[in-house]
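Q: sequence plus the predicted model coming up.
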Amino acid sequence: MPETASLDRFLQHHRLPESYAGIIHQYVAPIAAAISARQHQLGRPLIVGVNGSQGSGKTTLSDALVMLLQETHQCRSVAISIDDFYLTKAERQTLARDVHPLLATRGVPGTHDTGLARDTIHQLTQGSATVAVPRFDKAVDDRAPASVWDNQQAPLDVVILEGWCVGALPQSEDELVQPVNTLEADEDADGHWRQYVNACLQNDYTALWQLFDLQVMLKAPSFDCVYRWRKEQEDKLREKVGGNASGIMSDAEIARFIQHYQRITEHNLQQLPGKVQFLLELDEQRQITGFSRPTSL
């Protein structure tokens, strides 16, 4: 485990209660130890996927893994978010014009630059120079300028990619027929948007997921929790950015926004738990109620 001072700094940085230290000891430490052991066993950089619905705590978990990997296991590590590989606002507006209006909204497969994500992961694990990792500014709903991207010195031992759709599996054509909410019923009546998203998931995203050596999932109890969790995220973002909050959503906007994510999130909750190496099950208060290893490393 890391020194007490390091753990205290981590808790303060993420505004976490002292009780989260117990979560790190009980749940995160065994995962970090397994990742380190696997990396040493393979003798090459390891790519880890972390899945969790919006507001589930996947970013905090990923950062905690990095802290433990670096300080306890001496594995040079970084956590990156699939959110930082969103297409620019201009690129999404082009998709909205040429393919479907709903693609103007960031989030679903088809709105990320998966080629940039693959290239970045390759550079982080195979290169020997400083790698600039993209950043997306959610407050303005656009990619941040390169001057504020995060610089990492390659090669790294472990790269963690976290995100709400990380590892998501495509659906069958039959599963796409019935809309799952009013957004799909009213704004995607012919199913073209969800068919496009599913095709992206089946091709470009599957190629990205195939890089993973192992996967971790934070499993929400249901999609119903996502609205409240997402609202908490938005409130924190509003507090962080202060006056520069043009891209921060109202409660009504959040309710509509998360409908874009519902289909894949619910499919993830059904399909992913049995396919990951580490499963952390959450209750409505985001407390961990179960920890298992559904598949072997």
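A: Right, received. Where do you want to start? Numbers count the residues shown, from 1 in each chain.
Q: so where do the helices sit in the stretch 51-200 of the chain?
A: For the stretch 51-200 of the chain, the helices defined by DSSP state H, counting those that start in this stretch occupy 58-71, 89-98, 114-126, 182-187, 192-200.
Q: ranking those helices by burial, who's on top?
A: helix 58-71 (a mean of 22; mean count of other Cβ atoms under 10 Å). The way it works is simple: take the backbone N, C-alpha and C, and place the C-beta from them, glycine included.
Q: what packs against it?
A: Counting contacts by 3 or more Cβ pairs under 8 Å, 6 or more residues apart in numbering; DSSP states H and E, helix 58-71 packs against helix 4-13, helix 29-42, strand 46-52, strand 77-81, strand 158-163, strand 214-219.
Q: so which of the ones you listed is nearest A90?
A: When those are compared by Cβ to Cβ, strand 77-81 sits nearest A90, at 20.9 Å.
Q: which stretch among the helices and strands packed on helix 58-71 comes nearest T206?
A: Comparing the helices and strands packed on helix 58-71 by their distance to T206 (Cβ to Cβ), the top pick is strand 46-52, with 12.1 Å.
Q: okay, now the sheet partners of the closest one, with direction.
A: Strand 46-52 has its sheet partners listed here by DSSP bridges as strand 158-163 (parallel), strand 214-219 (parallel).
Q: got those as CSV, with mean pLDDT columns?
A: CSV is the format used below for these (pLDDT from 0 to 100):
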stretch, mean pLDDT
strand 158-163, 99
strand 214-219, 98
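Q: tell me which of the ones you listed sits most buried.
A: strand 158-163 (a mean of 26).
Q: show me how far that strand is from its chain's centre.
A: 8 Å (Cα atoms, centre = their mean, to the nearest Å).
Q: which residues touch it?
A: Contacts to strand 158-163, defined as Cβ atoms under 8 Å, 6 or more residues apart in numbering, come from residues 35-36, 39, 45-52, 58-59, 61-62, 65-66, 69, 75-83, 117, 121, 124-125, 208, 212.
Q: at 6 Å instead, please
A: With contacts defined as Cβ atoms under 6 Å, 6 or more residues apart in numbering, strand 158-163 is touched by 39, 46-50, 58, 62, 69, 75, 77-82, 121, 124-125.
Q: got it, and stretch 252-272?
A: If you take Cβ under 6 Å, 6+ apart as the criterion, stretch 252-272 is touched by 53, 105, 107-108, 165, 167-169, 171, 180-181, 183, 217, 223, 226-227, 230-231.
Q: now stretch 229-242
A: Q54, G55, A139, A245, I248, M249, I254, I258.
Q: pLDDT score for the second one?
A: Meaning G55. Looking at G55, its pLDDT reads 87.
Q: got it, and R15?
A: The score at R15 is 88. That number is its pLDDT.
Q: distance to Q270 and mean pLDDT added to the helices of the stretch 51-200 of the chain, as a markdown table?
A: Converted to a markdown table, the helices of the stretch 51-200 of the chain look like this (distance: least, Cβ to Cβ, whole Å; pLDDT from 0 to 100):
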| stretch | distance to Q270 | mean pLDDT |
| --- | --- | --- |
| helix 58-71 | 18 | 97 |
| helix 89-98 | 28 | 98 |
| helix 114-126 | 24 | 97 |
| helix 182-187 | 18 | 98 |
| helix 192-200 | 15 | 98 |
